[in-house]
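Visitor: Quick one: sequence plus predicted model below, questions after.
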Amino acid sequence: MKLTRENITVPAKPIRIVQFGEGNFLRAFINWMIQEMNEKANFDAGVAVVQPIPQGLGELVNAQDGLYHLYLKGIEKGELINKRQLIDCIQKVINPYENYQDYLDLAKEDSLQFVFSNTTEAGISYNENDTLEHIQNSFPTKLTALLYQRFSHFNGDEKKGLTILPCELIDKNGQTLKEIILKHATDWELSAAFKSWINSACTFYNTLVDRIVPGFPKDRIEEIHEELGYEDQLVVEGEQFHLFVIEGDSKIKDILPTEEVGLNVIVTNNQAPYRSRKVRILNGAHTCLVPLGLLSGLETVKEGVDDKEVGSFLESIIKNEIVPSLPASEGIEEFANDVLDRFRNPFIKHYLKSISLNSFPKFNTRVLPSIVSFHQKNGSFPQGILTSFASLIKLYDPKNLKEFKPQDNQEIIDLLANLWADFYINGSTDFEIIIEGVLSATYIWGQNLNELEGLQIQLSQNLKQIHNEGISSLIEEKFSLS
């Protein structure tokens, strides 16, 4: 039996939320929170999901009428937690590339109040080629068009502004999104009244999200279907732990009843301490592990931390390089230890290939700050992290494509493919050419990293050893020095 609203009776809900993104994380984090508030605080919020790219899960979500099951697994206060929950807050998914008018019509929903998003670190970016007249490619331009439609439909009614909480893992995500939207409003020569409405009627919050979400449990889906009695192709798994940090005024507490239902949500005027430790330790460690693990033939995070060689090396990176690169703060070592325990969660399978999505933008956001601050403090570079950096560059070698297919910005994929192709065609042994090309890509790093004296040489040496001798040789060498 298929999981649909014909087979399970659940009430429809008014569209109060537009959500950009239908992926595993939002469904296991934001949609779960909405479900909790709906069930325990009569929040009565339905979600209209916007598929942010042409290819996605929208058709599948609609085929199940927005229904799916969430499994939360882990250990809480010493007790095994294994919760299953039907999530029914999603009312529909719209693919704007196929139904652009349906997308714009979301702006006319009288009950609409919130916007949530998670379009990866690459999602909140400025795209000068998008226009108001045609379907936009970037998330900020899509949202600009939606907001302008709402402003126009309701004649600039201040009460129809939206509360916008982006969940992309970049610093000051809400502030950055607002700045880009206002820039597009200028580019498109939209009225001063619209810009004023954005500033006065709409509220943008900076956020930080934290929950490990492995996603679809493909290895045991038949067992799950038998347990459920339904065919659910959108099952998602996540850890029990969750944290949502919202930076901004406390008015958000009046409209999101998170405290009432006991969610771990922190509203603060400064999320920086929470963000630094979470992004650079947890996410940074994930990002460092991906190329090390994949080149070592490992598939999951747990396999990585349990592997004697890779796991010990990753722990060394966290404790000897990432943590020392951060400002000293109470509880930071405990947080680092907890991260390793969360990685070892035996109840979830987090595939490294899943984490590898947009690896280079993630490396820029999550890992590069640790390289820079470590160098500033010590006058040297963190050797473990540079091993991971070189491994990432090797991972994008086209000769690896049979086992690993990069999912990244096409410009980045093309850059690495061309650098490696030239290397092989020329029969070169000069790895500095590859490294120089990668480090000079300012559209990835926001700067020319060749200007960091000594970085190019060390990365070139690492890449040469990985290419010629394999990743194990370099891990053994560097770990012996740590």
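Guide: Right, received. Where do you want to start?

Visitor: ok, the helix or strand hosting residue 246: who's next to it in the sheet?
Guide: If you go by DSSP states H and E, residue 246 is part of strand 243-247. Paired neighbours of strand 243-247 in the sheet (DSSP bridges): strand 206-210 (antiparallel), strand 265-268 (parallel).

Visitor: What are the buried residues along the last one?
Guide: Of all the residues in strand 265-268, those buried under the rule 16 or more other Cβ atoms under 10 Å are 265, 267. (C-beta placed from N, C-alpha, C; glycine too.)

Visitor: Toward the C-terminus, what is the element adjacent to that strand?
Guide: Sequence-wise, the next helix or strand downstream of strand 265-268 (DSSP H and E) is helix 272-277.

Visitor: returning to that earlier point: buried residues in the helix or strand following the strand holding residue 246, which are they?
Guide: Using DSSP H and E, the helix or strand that follows strand 243-247 in sequence is helix 252-255. For helix 252-255, a neighbour-count test (16+ other Cβ under 10 Å) marks residue 252 as buried.

Visitor: Mean confidence (pLDDT) on helix 252-255, please.
Guide: Here helix 252-255 scores 96 as its mean pLDDT.

Visitor: hmm, who's touching that helix?
Guide: 113, 163, 203, 205, 246, 259, 267 (Cβ atoms under 8 Å, 6 or more residues apart in numbering).

Visitor: Repeat the analysis, applying 7 Å as the threshold.
Guide: The contact list for helix 252-255 (Cβ atoms under 7 Å, 6 or more residues apart in numbering) reads 163, 205, 246, 259, 267.

Visitor: Quickly name whichever of the residues you listed is closest to residue 451.
Guide: Residue 451 lies nearest to residue 205 out of the contacts of helix 252-255, by Cβ to Cβ, at 34.8 Å.

Visitor: separation between the closest one and residue 125?
Guide: 19 Å (Cβ to Cβ, to the nearest Å).

Visitor: of all the strands paired with strand 243-247, which lies closest to residue 63?
Guide: strand 206-210 (27.4 Å).

Visitor: just how off-centre is the closest one within its chain?
Guide: With Cα atoms, centre = their mean, to the nearest Å as the basis, strand 206-210 stands 10 Å off its chain's centre.

Visitor: pLDDT on it, on average?
Guide: In this model, strand 206-210 has a mean pLDDT of 96.

Visitor: With only the CA atoms kept, save whatever helix or strand residue 339 lives in in PDB.
Guide: Using DSSP H and E, residue 339 falls within helix 332-343. Taking C-alpha atoms only, helix 332-343 is exported to PDB below (Å, rounded to 0.1, in the frame of the first residue of the first chain):
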ATOM      1  CA  ILE A 332      34.800  23.600  23.500                       C
ATOM      2  CA  GLU A 333      36.800  20.400  24.300                       C
ATOM      3  CA  GLU A 334      33.600  18.700  25.500                       C
ATOM      4  CA  PHE A 335      31.800  19.800  22.300                       C
ATOM      5  CA  ALA A 336      34.700  18.200  20.300                       C
ATOM      6  CA  ASN A 337      34.400  14.900  22.200                       C
ATOM      7  CA  ASP A 338      30.600  14.900  21.800                       C
ATOM      8  CA  VAL A 339      31.000  15.400  18.000                       C
ATOM      9  CA  LEU A 340      33.200  12.300  17.800                       C
ATOM     10  CA  ASP A 341      30.600  10.400  19.800                       C
ATOM     11  CA  ARG A 342      27.800  11.600  17.500                       C
ATOM     12  CA  PHE A 343      29.800  10.400  14.500                       C
END
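
Visitor: Toward the C-terminus from that helix, list the very next helix or strand.
Guide: helix 352-355.

Visitor: That following helix packs against which elements?
Guide: Judged by 3 or more Cβ pairs under 7 Å, 6 or more residues apart in numbering; DSSP states H and E, the packing partners of helix 352-355 are helix 284-295.

Visitor: Please name the nearest non-neighbouring residue to the spatially most central residue of the chain.
Guide: For the chain, the residue nearest the mean C-alpha position is residue 120 (4.3 Å; Cα atoms, centre = their mean). Leaving aside its chain neighbours, residue 120 sits nearest to residue 358 (4.9 Å; criterion: Cβ to Cβ, 6 or more residues apart in numbering).

Visitor: And residue 136, by the same measure?
Guide: Nearest non-adjacent residue to residue 136 (Cβ to Cβ, 6+ apart): residue 130, at 4.2 Å.

Visitor: Need the three-state assignment for the one you found.
Guide: coil (DSSP: H, G, I helix; E, B strand; the rest coil).

Visitor: Quick check, it in contact with residue 140.
Guide: No - counting by Cβ atoms under 7 Å, residue 140 is not a contact partner of residue 130; they are 8.6 Å apart.

Visitor: neighbour count winner among the two?
Guide: Of the pair residue 130 and residue 140, residue 140 is the one with more neighbours under other Cβ atoms under 10 Å, namely 26 against 20.

Visitor: isn't there a strand covering the more buried one?
Guide: No - judged by three-state DSSP, residue 140 forms no part of a strand; its state is helix.

Visitor: Hmm, residue 179 and it touching each other?
Guide: No - here residue 140 does not reach residue 179: they are 9.3 Å apart, not a contact under Cβ under 7 Å.

Visitor: so where is this structure shaky, pLDDT-wise?
Guide: 76-78, 401, 480-482 (pLDDT under 70).

Visitor: tell me the domain ranges of it?
Guide: Domains of the chain are assigned by automatic domain parsing as 15-268, 272-481.

Visitor: Is the residue lying closest to residue 265 once chain neighbours are set aside in a helix, a strand, or coil?
Guide: Spatial nearest neighbour of residue 265, chain neighbours left out: residue 258 (4.0 Å); criterion: Cβ to Cβ, 6+ apart. Using three-state DSSP, the structure places residue 258 in coil.

Visitor: Could you give the number of residues near residue 258?
Guide: 20.

Visitor: quick check, residue 151 in a helix?
Guide: Yes - remark: residue 151 belongs to a helix, assigned using three-state DSSP.

Visitor: List the contacts of it.
Guide: Residues near residue 151 by Cβ under 7 Å, 6+ apart: 194, 197.

Visitor: what do you get for residue 238?
Guide: The neighbourhood of residue 238, defined by Cβ under 7 Å, 6+ apart, consists of 28, 70, 72, 211-213.

Visitor: Alpha carbons only: can I get the helix or strand hosting it in PDB?
Guide: Per DSSP H and E: residue 238 is located in strand 236-239. What follows is strand 236-239, C-alpha atoms only, in PDB (Å, rounded to 0.1, in the frame of the first residue of the first chain):
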ATOM      1  CA  VAL A 236      14.500   9.900   6.400                       C
ATOM      2  CA  GLU A 237      16.700   9.100   9.400                       C
ATOM      3  CA  GLY A 238      18.400  11.600  11.800                       C
ATOM      4  CA  GLU A 239      20.100  11.700  15.100                       C
END
